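[1] Here's a sequence, model it:
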Amino acid sequence: MKIREILIVGGGSSGWMTAASLSRVLKGYNISLVESDKISTVGVGESTIILFNQILQLLDLKDSDWMKECKATYKNTIKFTDFKQKGHTFHYPFGGDRGHEVIQAWSNLASSYGMESETYSEFCGSHNYFLGKYNRQTYGNNQMLDFDFNSQTAYHFDAGLFGEYLKNNRCQDVTHYLDDIVGVNKDDDGWITSIVGEKQEYTADLYIDCTGFQSQILEKEMGSKMKSYKPWLSNDSAIATHIPYTHKEEQCTNATTCTAIENGWCWNIPLWDSIGCGYVYSSDFVDDETADKEFRKYLKRVGCMFPNKVETKKINIRHGVRERSWVKNVVGVGLSYGFVEPLESTSIVSTIVTIQRLTQALDLKDGVVNAFDRDGYNYSVEIEMTNHRDFVALHYKLTSRDDTPYWKYQQSRDWFAIDDSNFFKNYKQEGVALTGYEKMHYYHSTQNQWFCKGEGDGKYYIMAGFGYKPLGSGWVQADDKMKDLHRKFKQDVSQAEKYVKTLPSSYEFLRKNIYA
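    Here you go, the predicted model:
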């Protein structure tokens, strides 16, 4: 099929990111977007990782232009509290991949000197860790720190406002309709010939579903059924709200804070004008009324003056993916295709990756696509989502908590009993069940393994935070070389902390450079 007319169904951040990206990259296409003016976005505050910077670069968006329009703040790290055990905190800072040898050196030092797992971020990460730990910000122009602002800083922002900003500033070539979709027309082979709205019909060569969890076109009309991420992930519910600042300079941090409580975890996302808060939990372990009480108890803990008066919004989470993202002439982007859960901010990342893969597929042969292209696209985006799923699931599986039935279940699940995990599917023998030992062997020998011999990445920060030495210590003793390395490490930490404490707070930095 030859694609020249594209209709995006649904707005929000995913719809307008898709529209802005396609109109920027694809030349000679007619791109339209139809959305309802009766559907409100969730609006809980969005937390990103550094992959989000790619779309900012693609769309030539400067911080000074868009951030103040979207209540945005900077994000340097993710702070995890009470996930390993109560009273324990670790950070996952952005950037600072220093390679295999540095990671091995930390593993050796940790064994030789009994260093705590938090020192992994100090030793193997960039000085971004200290910026997050002490809530300081800098452009890093004076080279006093091992820190690259452009590649190691992400954002918190209002996703609904970001979608509006893109609509008004980067989608001038996109035809925009306000209408409510009531049905579709198909040909005899099941391909959509038109989308039927209350006001008119819309025709295109390709229809992109950005209708969120309801997946109005991909799932309901094209029959691409949902595949749940249970038992890898348990959380299927969330409560969300915004609370006002009480001590803004301290609370407006450059970290997304994730705090584990009785039956899940709570997020704190500091926007410029308020703090987005939410509780992600499992209905298998707690009912909504009890979860609401647990959440309000948490809100009081983080400084909310009147937690019982806060208005909250209930969100039903559908985690998993549809069987196929691209069916005939329909592609699902964002929540309409799949969702993991809010932990690790994978939602907007998976949306960006999906848009990138779709753009590549369309641009590869100037809009000519066939079943081979659709199959390749479907395979690649499902692998991406599966990797996100396994990464997020690791945050629960590695816990040492057993103080509630929820956390006891998380750490006692048999990970290797899940035979269709992405780690093992290429190694399963036809008709032969692998033993636990064989699975462990394959688990350590695939490209997607946690304990790989290649470059470090986010999985290492998480494993170290939970007390693991990602590469093991080997047979190393505290000889003179190790003592010298340990001394230099302590000296570097001391110098970095001393300098970082002289920098402006995140709030001061934002007030001067963005919200002046």
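[2] What does the pLDDT read for Ser36?
    Looking at Ser36, its pLDDT reads 93.
[3] again but with His441, I slipped
    His441 is assigned 36 on the pLDDT scale.
[4] let's have the chain start at 39 instead
    New numbering, starting at 39: the last item is His479.
[5] For Met153, which phi and psi angles does the backbone take?
    Backbone torsions of Met153, given as degrees, to the nearest 10, read phi -70, psi 140.
[6] residue ranges of the strands in the stretch 189-338 of the chain, please?
    Listed in chain order, the strands of the stretch 189-338 of the chain (DSSP state E, counting those that start in this stretch) span 192-195, 213-216, 219-224, 230-235, 239-240, 244-247, 264-266, 275-281, 293-299, 302-308, 313-319.
[7] Single out the most deeply packed of the ones you listed.
    Stretch with highest mean neighbour count among the strands of the stretch 189-338 of the chain: strand 244-247 (a mean of 28; mean count of other Cβ atoms under 10 Å). Just so you know, the C-beta spots here come from the backbone N, C-alpha and C atoms, and that holds for glycine as well.
[8] coming back round to it: of the strands of the stretch 189-338 of the chain, which is nearest Asn408?
    Asn408 sits nearest to strand 244-247 of all these, at 13.2 Å, using Cβ to Cβ.
[9] starting at the chain centroid, how far to that closest one?
    Computed by Cα atoms, centre = their mean, to the nearest Å, the separation of strand 244-247 from the middle of its chain amounts to 24 Å.
[10] by contact count, what packs against that strand?
    Judged by 3 or more Cβ pairs under 8 Å, 6 or more residues apart in numbering; DSSP states H and E, the packing partners of strand 244-247 are strand 43-47, strand 368-370.
[11] ranking those strands by burial, who's on top?
    Stretch with highest mean neighbour count among the helices and strands packed on strand 244-247: strand 368-370 (a mean of 29; mean count of other Cβ under 10 Å).
[12] re the thing from before, tabulate the strands of the stretch 189-338 of the chain (JSON lines), appending mean pLDDT.
    Shown next, in JSON lines, are the strands of the stretch 189-338 of the chain (pLDDT from 0 to 100):
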{"stretch": "strand 192-195", "mean pLDDT": "96"}
{"stretch": "strand 213-216", "mean pLDDT": "98"}
{"stretch": "strand 219-224", "mean pLDDT": "97"}
{"stretch": "strand 230-235", "mean pLDDT": "98"}
{"stretch": "strand 239-240", "mean pLDDT": "98"}
{"stretch": "strand 244-247", "mean pLDDT": "98"}
{"stretch": "strand 264-266", "mean pLDDT": "94"}
{"stretch": "strand 275-281", "mean pLDDT": "96"}
{"stretch": "strand 293-299", "mean pLDDT": "97"}
{"stretch": "strand 302-308", "mean pLDDT": "97"}
{"stretch": "strand 313-319", "mean pLDDT": "97"}
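[13] Let's have the helices and strands packed on strand 244-247 in JSON lines, adding distance to Asp322 and mean pLDDT.
    Shown next, in JSON lines, are the helices and strands packed on strand 244-247 (distance: least, Cβ to Cβ, whole Å; pLDDT from 0 to 100):
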{"stretch": "strand 43-47", "distance to Asp322": "33", "mean pLDDT": "98"}
{"stretch": "strand 368-370", "distance to Asp322": "27", "mean pLDDT": "98"}
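[14] wait, which of those is closest to Tyr415?
    strand 368-370 (8.0 Å).
[15] Glu84 and Leu199 touch, don't they?
    No: using Cβ atoms under 8 Å, Glu84 makes no contact with Leu199, being 9.7 Å away.
[16] Which one's more surrounded, these two?
    Glu84 (25 against 19; other Cβ atoms under 10 Å).
[17] residues touching that one, list them.
    For Glu84, the contact set (Cβ atoms under 8 Å, 6 or more residues apart in numbering) comprises 51, 194-197, 200, 307, 383, 386.
[18] now, among those, which is nearest to Tyr177?
    His194 (18.3 Å).
[19] Let me know the closest of the contacts of Glu84 to Asp226.
    Among those, Ser51 lies closest to Asp226 (Cβ to Cβ), at 36.3 Å.
[20] Give me the phi and psi angles of the closest one.
    phi -70, psi -40.
[21] Between the helices and strands packed on strand 244-247, which one is closest to Val531.
    strand 368-370 (46.4 Å).
[22] And the next helix or strand after the closest one, what does it pack against?
    Proceeding N to C from strand 368-370, the next assigned helix or strand is strand 376-377, under DSSP states H and E. Judged by 3+ Cβ pairs under 8 Å, 6+ apart, the packing partners of strand 376-377 are strand 358-360, helix 384-402.
[23] what are the ranges of the helices in the stretch 89-238 of the chain?
    90-96, 101-104, 138-151, 157-162, 166-171, 187-190, 197-207 (DSSP state H, counting those that start in this stretch).
[24] Among the ones you listed, single out whichever gets nearest to Thr442.
    Closest among the helices of the stretch 89-238 of the chain, once you apply Cβ to Cβ, is helix 157-162, at 27.6 Å.
[25] on that earlier part again, turn the helices and strands packed on strand 244-247 into JSON lines, columns for distance to Asn146.
    Converted to JSON lines, the helices and strands packed on strand 244-247 look like this (distance: least, Cβ to Cβ, whole Å):
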{"stretch": "strand 43-47", "distance to Asn146": "52"}
{"stretch": "strand 368-370", "distance to Asn146": "47"}
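[26] Assign a three-state SS to Leu548, would you?
    Each residue gets one of three states, and Leu548 gets helix by DSSP: H, G, I helix; E, B strand; the rest coil.
[27] pull the longest helix from this structure.
    helix 409-435 (DSSP state H).
[28] Past that helix, which element shows up next along the chain?
    Following helix 409-435 in sequence, per DSSP H and E, is helix 443-450.
[29] From the chain's centroid, how far away is that next one?
    With Cα atoms, centre = their mean as the basis, helix 443-450 stands 23 Å off its chain's centre.
[30] In it, which residues are buried?
    Within helix 443-450, the residues that qualify as buried are 444-445, 447-448, counting by 16 or more other Cβ atoms under 10 Å.
[31] Same question for stretch 142-151.
    Using 16+ other Cβ under 10 Å as the test for burial, stretch 142-151 gives 142-150.
[32] try stretch 122-138
    For stretch 122-138, the neighbour count (16+ other Cβ under 10 Å) marks 122, 126, 128-134, 136 as buried.
[33] where's the dip in pLDDT among those residues?
    Lowest pLDDT of the buried residues of stretch 122-138: Arg136, 66.
[34] ok, back up a step: I'd like the buried residues of stretch 142-151 as a markdown table, with pLDDT and distance to Ile255 appended.
    Shown next, in a markdown table, are these (pLDDT from 0 to 100; distance: Cβ to Cβ, whole Å):
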| residue | pLDDT | distance to Ile255 |
| --- | --- | --- |
| Gln142 | 79 | 49 |
| Ala143 | 83 | 52 |
| Trp144 | 85 | 49 |
| Ser145 | 82 | 49 |
| Asn146 | 82 | 54 |
| Leu147 | 84 | 54 |
| Ala148 | 83 | 51 |
| Ser149 | 79 | 54 |
| Ser150 | 79 | 58 |
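[35] Determine which stretch of the helices of the stretch 89-238 of the chain is the most buried.
    Among those, helix 166-171 has the highest mean neighbour count (mean count of other Cβ under 10 Å), at a mean of 26.
[36] Give me the average confidence score over it.
    Helix 166-171 shows a mean pLDDT of 94.
[37] do stretch 540-552 as well
    On average, stretch 540-552 scores 97.
[38] Any idea how far it is from the middle of the chain?
    25 Å.
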